[in-house]
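Peer 1: Sharing a model prediction with you, sequence too.
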Amino acid sequence: MLNSVKGMMLTFASAVKGMRKPVTRQYPTVPTPVQDRFMGFPALTWDDAVPEPFCTGCMVCIRNCPTQCMSASMMDNPLHESGDSSRRKIIDYFEINLNRCILCGICVELCNFDAIVMSHEHEMSTYQRNGDRVDLPALLEIGKKYQADTNWIPPTVLAKQKQEAEAAAKAAAEEREAAAAGAGE
Ligand code: SF4
Ligand code: SF4
């Protein structure tokens, strides 16, 4: 009986406009926001400091991709020859068939150059069988958007910052200990 009354009240509350916040979104008119940790399609990152892609075309991700959905080739980096870049090789061609990508993130885990990220892009349905083969300029565009949206810092830079902070904290603790020992003497 009590449950029936509760159910009727809920139905009444739902029927009266404005009494209850909507629990659904008008997707795709209103896009669903994603968390920072969300893993969408892989994309390539852009090094603003040079400027050029982080990717050197080393092929590590391509050799280890479980679905073999990536292909790439490298070239000599003209910016290295002119002294503007530390990268001797640079990506020349890159393609990912996103229809075959299973979003496993292995490519990101294995890249030693901070060159690839799991972006927030997840809406790329097409009617063509090969409509989701994405080339280098498009992968870089997705990557740049992800970098801007998340204030992306390269993982190796983050790791270095963490190491330095830990070393500074350790040195400060040792100094405090030494000062305390000196005061106790
Ligand atoms: S996320 Fe996985 S399947 Fe997709 S490109 Fe990277 S390694 Fe390949
Ligand atoms: S994304 Fe990373 S692992 Fe893949 S080819 Fe570029 S530099 Fe190598």
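Peer 2: Nice, I can see it. Ligands and ions are numbered 1, 2, ... in the order given.

Peer 1: Where does the prediction get shaky in this protein?
Peer 2: Within the chain, the stretches with pLDDT under 70 are 17-20, 185.

Peer 1: which parts of it sit against ligand 2?
Peer 2: Within the chain, the positions lying close to ligand 2 (CB under 6 Å from any ligand atom) are 55-61, 72, 110-111, 113, 115-116. Heads up, the C-betas are built off the backbone N, CA and C, glycines and all.

Peer 1: Is Glu166 part of a helix or strand, or is it coil?
Peer 2: helix (DSSP: H, G, I helix; E, B strand; the rest coil).

Peer 1: and the longest strand seen in the chain, how far out from the chain's middle?
Peer 2: Counting by DSSP state E, the longest strand found in the chain is strand 89-97. Chain-centre distance of strand 89-97: 18 Å, with CA atoms, centre = their mean, to the nearest Å.

Peer 1: switch to numbering from 430
Peer 2: I'll keep to 430 as the first residue from here, and by that count the last item is strand 518-526.

Peer 1: List the contacts of whichever helix or strand comes after that strand.
Peer 2: Once strand 518-526 ends, the next helix or strand along the chain (criterion: DSSP states H and E) is helix 535-539. With contact meaning CB atoms under 8 Å, 6 or more residues apart in numbering, helix 535-539 is reached by 471, 489-490, 493-495, 499, 545-547.

Peer 1: Pull out the buried residues from stretch 457-476.
Peer 2: 468-476 (16 or more other CB atoms under 10 Å).

Peer 1: hang on, the earlier thing: check the contacts of helix 535-539 and tell me the two furthest apart.
Peer 2: Pro495 and Val546 (18.2 Å; CB to CB).

Peer 1: Looking only at neighbour counts, state which of the two leads.
Peer 2: Comparing Pro495 with Val546 by neighbour count (other CB atoms under 10 Å), the higher total belongs to Val546, at 26 against 11.

Peer 1: Which strands and helices lie in contact with the helix or strand hosting that one?
Peer 2: Using DSSP H and E, Val546 falls within strand 545-547. Helices and strands touching strand 545-547, as assessed by 3 or more CB pairs under 8 Å, 6 or more residues apart in numbering; DSSP states H and E, comprise strand 471-473, helix 535-539, helix 565-579.

Peer 1: ranking these by burial, who's on top?
Peer 2: When the helices and strands packed on strand 545-547 are scored by mean count of other CB atoms under 10 Å, the highest mean neighbour count falls to strand 471-473 (a mean of 27).

Peer 1: rewinding a little: check the buried residues of stretch 457-476 against ligand 1 and report the nearest one.
Peer 2: Pro471 (4.7 Å; CB to the nearest ligand atom).

Peer 1: and the chain, which residues reach ligand 1?
Peer 2: Within reach of ligand 1 by CB under 6 Å from any ligand atom, the chain has these residues: 471, 494-496, 498-499, 525, 530-536.
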